[in-house]
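[1] Here you go, sequence then predicted model.
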Amino acid sequence: MPLTTTPFGPRATAAEVLDGVDLSGRRVIVTGGASGLGVETVRALVGAGAEVTVATRDPAAAEPLAKELPGVRTAALDLSDLSSVRAFCADWSGPLDALVANAGVMMLPNRQVTAQGWEMQLATNYLGHFALAVGLRGALQAADRPRVTVVSSGAQLRAGFDFADPQFEHRPYDPFLAYAQSKTADVLLAVGISRRWADHGIAANACAPGWIHTNLTRHLDPATMRAFGAMDADGNLLTPAHYKTPAQGAATMVLLAASPLLDRVSGRYFEDNQESEVVDGGPEVMSGVAKWSVAPAAADRLWDLAQPVLG
Ligand SMILES: NC(=O)c1ccc[n+]([C@@H]2O[C@H](COP(=O)([O-])OP(=O)(O)OC[C@H]3O[C@@H](n4cnc5c(N)ncnc54)[C@H](O)[C@@H]3O)[C@@H](O)[C@H]2O)c1
């Protein structure tokens, strides 16, 4: 199947991607929408007329955004706590046109576990979003052409999902691998939703936003940056000039969440506003989506692993 292309270059902003798109009456949830890429995603969606709920651990932190933008409401959600996810879903009423699974943590230096005993990066980046999507399935189904957008990362190129020890219980905890694995799981989540819920009309895609200076990268040192391939073609570590702005980083996210150009696209992975080629993952690979991130068997196996956790 040919790769989906769009007219937007890698430096297009979220507002440019939605220019001329009318999202009036469309209801969208953005997790982690009170900072970084989430804020720019919310701004662009509201700018196109959508009614956006910012799902955030700390609703007070989202209040300035809600004041700035009419059409934004805030709601409490801690993705690392499944009881919080359940409460959020129980409070939601009416159709949901798009879920943007954006919140994330990166490279927590020490292994932490959640109240339910899951390793924190996997729990926040993947499991909480899985539970959220499952809890909101009925609301998605009730909308017209609903979409789930899962924000992954180029880090998915660095590690497949380790089904033998996903929580680092039997091997030393590695912050880098734990993040990479969680971002592979994010792509598998989009593939899994696409496979299981296509009959309900729900589309799901995943994306990498690029490199953007946000709070997320606060735990990174130069060695880690190198390991993630955050360097230019000459091997120099990225300088500020190589980073995208948050508004550029949010572009692929809103493209997947709301652009009519992608009305019939599901189960795919995008970066720089274009669909990515499927490649072999590994330490030197700089772009594309790893085979292990889109393997249907791995998506099914991960779903089966996570489903019982929801009870
Ligand atoms: N910034 C980059 O260069 C980059 C690169 C690749 C992928 N990403 C991905 O983009 C997404 C957004 O990251 P960002 O760069 O805007 O970082 P950010 O730190 O500004 O935003 C992350 C958001 O997630 C929220 N969050 C963290 N734990 C949570 C929890 N338990 N429950 C609810 N919310 C929680 C944070 O409060 C924050 O609002 C992440 O999924 C990240 O992995 C970012």
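    Cool, got the structure.

[2] count of neighbours near the nearest residue to Leu96 once chain neighbours are set aside?
    Spatially, and ignoring its direct neighbours in sequence, Leu96 is nearest to Ala139 (3.9 Å; CB to CB, 6 or more residues apart in numbering). For the C-beta atoms, the positions are set from N, CA and C on the backbone; glycine is no exception. When neighbours are defined as other CB atoms under 10 Å, Ala139 has 19 of them.

[3] secondary structure element for the residue in the stretch 51-200 of the chain that the ligand sits nearest to?
    Of all residues in the stretch 51-200 of the chain, Gly104 sits closest to the ligand, at 2.7 Å by CB to the nearest ligand atom. Using DSSP states H and E, no element contains Gly104; it sits outside every helix and strand.

[4] Tell me who's in contact with the closest residue to it other than its chain neighbours.
    Sequence neighbours aside, Asn125 is the residue nearest to Gly104 in space, at 4.8 Å (criterion: CB to CB, 6+ apart). When contacts are counted by CB atoms under 8 Å, 6 or more residues apart in numbering, Asn125 touches 103-105, 179, 182-183, 185-186.

[5] Mind pulling up the pLDDT for Asn125?
    Predicted confidence (pLDDT) for Asn125: 98.

[6] Spell out which parts of the stretch 1-150 of the chain neighbour the ligand.
    31-32, 34-38, 57, 77-80, 102-106, 124 (CB under 6 Å from any ligand atom).

[7] try 5 Å
    Counting by CB under 5 Å from any ligand atom, the stretch 1-150 of the chain comes close to the ligand at 32, 35-37, 57, 78-80, 102-105, 124.

[8] Strands along the stretch 1-150 of the chain, start to end?
    27-31, 51-56, 72-76, 98-101, 147-151 (DSSP state E, counting those that start in this stretch).

[9] how about the ones you listed in CSV, adding mean neighbour count?
    Output for these, formatted as CSV (neighbours: other CB atoms under 10 Å):
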stretch, mean neighbour count
strand 27-31, 26
strand 51-56, 25
strand 72-76, 17
strand 98-101, 28
strand 147-151, 28
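
[10] Skip ahead from the worst-scoring helix or strand of the chain on mean pLDDT and say which helix or strand is next.
    Sorting the helices and strands of the chain by mean pLDDT, DSSP states H and E puts helix 222-227 at the bottom, at a mean of 69. Going down the chain from helix 222-227, the next helix or strand is helix 246-249, by DSSP H and E.

[11] For the closest residue to Leu256 other than its chain neighbours, which residues are in contact?
    Among residues not flanking Leu256 along the chain, Thr149 sits closest, at 4.2 Å (CB to CB, 6+ apart). By CB under 8 Å, 6+ apart, the contact list for Thr149 reads 98-102, 190, 204-207, 253, 256-257.

[12] for Ala155, same thing?
    179-180, 183-184, 228 are the contacts of Ala155 under CB under 8 Å, 6+ apart.

[13] One more: Pro10?
    Pro10 touches 210, 244, 248, 272-273, counting by CB under 8 Å, 6+ apart.

[14] What of Ser153?
    179, 183, 186, 208-209 are the contacts of Ser153 under CB under 8 Å, 6+ apart.

[15] before we move on, what about Leu136?
    Applying CB under 8 Å, 6+ apart, the residues contacting Leu136 are 29, 89, 92, 96, 99.

[16] go again using 6 Å as the cut-off
    By CB atoms under 6 Å, 6 or more residues apart in numbering, Leu136 lies in contact with 89, 96.

[17] quick one on the thing from earlier: near the residue of the stretch 51-200 of the chain closest to the ligand, how many other residues are there?
    25.

[18] okay, the contacts of Thr149 in CSV with pLDDT next?
    What follows is the contacts of Thr149, written out as CSV (pLDDT from 0 to 100):
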residue, pLDDT
Ala98, 98
Leu99, 99
Val100, 99
Ala101, 99
Asn102, 98
Ala190, 99
Ala204, 98
Asn205, 98
Ala206, 99
Cys207, 98
Met253, 98
Leu256, 98
Ala257, 98
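
[19] what comes into contact with stretch 107-118?
    So stretch 107-118 is contacted by 80-82, 120-121, 123, 127, 168, 173, 175, 179, 219 (CB under 6 Å, 6+ apart).

[20] Reformat these as TSV; add neighbour count.
    Shown next, in TSV, are the contacts of stretch 107-118 (neighbours: other CB under 10 Å):
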residue	neighbour count
Ser80	23
Asp81	18
Leu82	23
Met120	18
Gln121	27
Ala123	27
Leu127	26
Phe168	19
Tyr173	16
Pro175	18
Tyr179	27
His219	14
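
[21] Which of those fall within helices?
    Counted as lying in helices by DSSP state H, out of the contacts of stretch 107-118, are 82, 120-121, 175, 179.

[22] Which pLDDT value belongs to the residue positioned nearest the centre of the chain?
    When CA atoms, centre = their mean is applied to the chain, the residue found nearest the centroid is Val151 (1.7 Å). If you check Val151, the pLDDT there is 98.
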